[in-house]
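A.B. asks: A predicted structure for the sequence below; I have some questions about it.
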Amino acid sequence: MRTIHVTASREYDVCVGPGLLRECGERIAAVCGTGAAAVVTDSTVAPLYADTACASLERAGFAVSRFVFPAGEASKTLKTYDDILRFLAENRLTRADLLVALGGGVTGDMAGFAAATYLRGIRFVQLPTTLLAAVDSSVGGKTAVDLPAGKNMAGAFHQPSLVLCDTDTFSTLPGDVFRDGCAEIVKTGVLAGEELFSLLERGALADRPEEIVARCVEYKRSVVAEDEFDTGKRRLLNLGHTAGHAAELCSGYGVSHGKAVAMGLAAMARTCAARGLCPAETAERILALLEKAGLPTALPYGARELAAAAMSDKKREGDRLPLVVIQGIGRCRVETIPGEEFETWLREGGAL
Ligand code: NAD
Ligand code: GLY
């Protein structure tokens with residue numbers, strides 16, 4: 001098992017390794033003490049892992065309740081968030097108690113937002129079960145739900161008290177969901193530098209998921225420690241996300257977050273190479289790695305449509321858009337461009 005310590009407004013450990021769900025109760029009790037624990041999970045994860053997690057919590061002395069919502073991004077709404085808050089109130093959870101988010105990024109984001117706001121904030125623990133949640137969303141304290149106007153538009157920063165990533169849970173991930181996590185891993189490789197990127201090129205993910213997840217979390221930890229509230233360096237983590245979120249919106253959320261990030265990252269790599277901001281070889285390596293992971297690299301939407309969707313993204317600053325520009329592997333920077341120029345960037349990146 002690997003442990004990464006995160007330093008933010010709350011300090012906590014991220015533990016990565018096999019078998020952690022079976023022992024989550026005692027690990028959580030050691031950090032939070034015992035009391036009531038509300039486990040929030042989705043309809044796919046519940047039959048797979050809720051019994052294991054709940055039994056471990058009960059053995060450790062927690063009074064456990066479960067809230068299960070229909071799996072999928074379509075549930076990441078104010079309605080489900082409201083249902084979770086009502087469930088916490090009905091079960092009379094107090095500020096001494098705990099919410100446990102068991103599942104992927106949708107569960108972690110939405111349950112985390114409920115924990116951030118119920119009684120003005122209770123503690124919560126992340127038990128990520130997707131690769132994407134393990135390497136990205138369970139760490140760093142961003143919580144949210146979607147609004148009809150866009151992704152993650154209502155939310156809060158609320159750090160977990162502990163993250164336990166049981167790598168055994170990846171064995172039941174459908175290939176498509178596993179690939180979504182690969183997109184965030186490739187993104188992290190581009191940001192973190194040659195060591196991680198070339199490890200991925202050599203195919204280490206399939207053989208050593210624990211090491212790759214831990215390395216991604218280590219990189220994210222370093223960024224969050226410097227800029228927890230996303231006003232500076234943390235914005236780098238949005239590499240590929242401006243075009244990506246626009247693609248998600250244009251698809252009516254039919255395209256998953258991971259695939260959309262892959263499309264956005266590929267487009268940004270092409271544009272940066274076309275503009276001479278990075279060597280052509282850098283873009284070729286990024287595209288090759290995305291393709292090797294089975295991820296899409298084409299943006300199948302019109303540049304004008306995507307640019308309009310990007311202007312409704314929460315990252316917009318007035319009529320300007322912050323973009324993460326690739327200069328090389330391990331060399332990215334944020335550049336803020338006038339919104340009307342984004343359509344040209346997208347066209348250069350291969351949008352229709
Ligand atoms: P998800 O939570 O919807 O999980 C994808 C699917 O996999 C779901 O159907 C789920 O039920 C299923 N699943 C989960 N674990 C499983 C397992 N072990 N075995 C079998 N099936 C399993 O989606 P996701 O890709 O994990 O996360 C995407 C979400 O994360 C998006 O809403 C995105 O906005 C958010 N996100 C947040 C951050 C952040 O920093 N907070 C970062 C990146 C992404
Ligand atoms: N996933 C982006 C962030 O945590 O800032």
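C.D. replies: Arrived safely. Numbering: from 1, shown residues only. Ligands and ions are numbered 1, 2, ... in the order given.
A.B. asks: elements contacting the worst-scoring helix or strand of the chain on mean pLDDT?
C.D. replies: Least confident helix or strand of the chain, by mean pLDDT, DSSP states H and E, is helix 204-207 with a mean of 77. Packing partners of helix 204-207 (3 or more C-beta pairs under 8 Å, 6 or more residues apart in numbering; DSSP states H and E): helix 209-226. Any C-beta I mention is one placed from the backbone N, CA and C, and that applies to glycine too.
A.B. asks: hmm, Ala247 is touching Met263, no?
C.D. replies: Yes. Taking contacts as C-beta atoms under 8 Å, Ala247 lies within contact range of Met263: 5.2 Å.
A.B. asks: which residues do these two both contact?
C.D. replies: Contact criterion C-beta atoms under 8 Å, 6 or more residues apart in numbering; residues shared by Ala247 and Met263: Val255, Leu299.
A.B. asks: dump the residue contacts of the most centrally placed residue in the chain.
C.D. replies: The centroid of the chain falls nearest to Ser137 when counting by C-alpha atoms, centre = their mean (2.8 Å). Counting by C-beta under 8 Å, 6+ apart, Ser137 touches Gly104, Gly105, Gly108, Asp109, Pro128.
A.B. asks: got a pLDDT number for it?
C.D. replies: If you check Ser137, the pLDDT there is 97.
A.B. asks: same check on the one 10 residues further on?
C.D. replies: The predicted local distance difference test score for Leu147 is 90.
A.B. asks: hey, what's it bridged with?
C.D. replies: Applying DSSP bridges to Leu147 gives these bridge partners: Gly150.
A.B. asks: which ones are touching it?
C.D. replies: Leu78, Met153, Ala154.
A.B. asks: closest point of the stretch 51-200 of the chain to ligand 2, which residue?
C.D. replies: Here the residue of the stretch 51-200 of the chain nearest ligand 2 is Gly140; by C-beta to the nearest ligand atom that distance is 4.2 Å.
A.B. asks: I should have written the stretch 151-300 of the chain there, sorry.
C.D. replies: Leu237 (3.9 Å).
A.B. asks: for that residue, give its distance to ligand 1.
C.D. replies: According to C-beta to the nearest ligand atom, to the nearest Å, Leu237 and ligand 1 sit 8 Å apart.
A.B. asks: that residue reaches Arg221, doesn't it?
C.D. replies: No. Leu237 is not in contact with Arg221 according to C-beta under 8 Å; the separation is 11.8 Å.
A.B. asks: of the two, who's got more company?
C.D. replies: Leu237 (23 against 18; other C-beta atoms under 10 Å).
A.B. asks: what about the more buried one, distance to His5?
C.D. replies: Here Leu237 is placed at a distance of 19 Å from His5 (C-beta to C-beta, to the nearest Å).
A.B. asks: which residues sit against stretch 200-212?
C.D. replies: Under the contact criterion C-beta under 8 Å, 6+ apart, stretch 200-212 has outside partners 1-2, 16-18, 131, 135, 167, 170, 182, 185-186, 189, 199, 285, 288-289, 292-293.
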